[in-house]
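pasting the structure only:
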């Protein structure tokens, strides 16, 4: 009957394995000096249940690495293209904000550009406005509105809120007649430490906006609109 190796014996075996690995790393010429040993080495194939030569296994590993690198390069190229597209859209949005001469003009341009450029199903602004603006259109909210105040308290550190957890009342407040089609949202604070409003982006795709997504470009959109509204003293 065979006995199980003791912990000391197991430790010795592991130390010998480590010693062999280190030796081969430090003496890469070993197999050149002992070609007969190199030829006798056989490895089990992981999926086909057969043995393969060391050279064949090395080729397999190299091919797998090549496929992995190709995928990584493909992903990098696609990400770069996506960033270029988003960057161009952000640039057009910024130009529209700079060229606006009235607050209502800036607001109309912002919502229309975002809806078209980013293929959104709903775009809206809700903003605590001055007496001159409050109530003149749905976007300009009078000071003290409890629903907007509650929304603004959810922001932390000026970061957008992305996901799909808005109740019917908030969806209706933000998106009005489009509320029934909205399945995911991104809420962008308009203002840094004490936001005065929110830019709401909505999509019928439940995966479009989610909690783990990047928000760099969203933050920039909110900053651009916020500075524009400040310029008109809304």
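Received the coordinates, thanks. Keep in mind it's a predicted model, so treat the numbers as computed, not measured.

need the helices for the protein, in chain order.
Remark: helices assigned in the chain by DSSP state H are 7-26, 30-33, 35-40, 54-99, 103-117, 146-152, 168-175, 216-231.

mean pLDDT lowest where, among these?
Here the helices of the chain differ in mean pLDDT, and the lowest is helix 35-40 at a mean of 65.

if I look at residue 226, how far off is residue 85?
24 Å (C-beta to C-beta, to the nearest Å). (Glycine included, C-beta is placed from N, CA and C.)

please apply the same query to residue 29.
Taken as C-beta to C-beta, the span from residue 29 to residue 85 is 52 Å.

ok, now residue 219?
Residue 219 is 18 Å from residue 85, by C-beta to C-beta.

what is the burial count for residue 103?
Counted with other C-beta atoms under 10 Å, the neighbours of residue 103 add up to 22.

pretty sure it contacts residue 136?
No. Between residue 103 and residue 136 there is no contact under C-beta atoms under 8 Å: 9.7 Å.

for the closest residue to residue 201 other than its chain neighbours, name its beta-bridge partners.
Nearest non-adjacent residue to residue 201, counting by C-beta to C-beta, 6 or more residues apart in numbering: residue 186, 4.4 Å away. Assessed by DSSP bridges, residue 186 has beta-bridge partners residue 162, residue 201.

measure how buried residue 186 is and give me the count.
23.

test my guess that it contacts residue 159.
No. In this structure, residue 186 is not within contact of residue 159 by C-beta under 8 Å, at 10.9 Å.

overlap in contacts of the two?
residue 215 (C-beta atoms under 8 Å, 6 or more residues apart in numbering).

compare residue 219 and residue 85 (neighbour count), which wins?
More crowded of residue 219 and residue 85, by other C-beta under 10 Å: residue 219, with 15 against 11.

please name the residues that touch that one.
Residue 219 touches 158, 159, 160, 188, counting by C-beta under 8 Å, 6+ apart.
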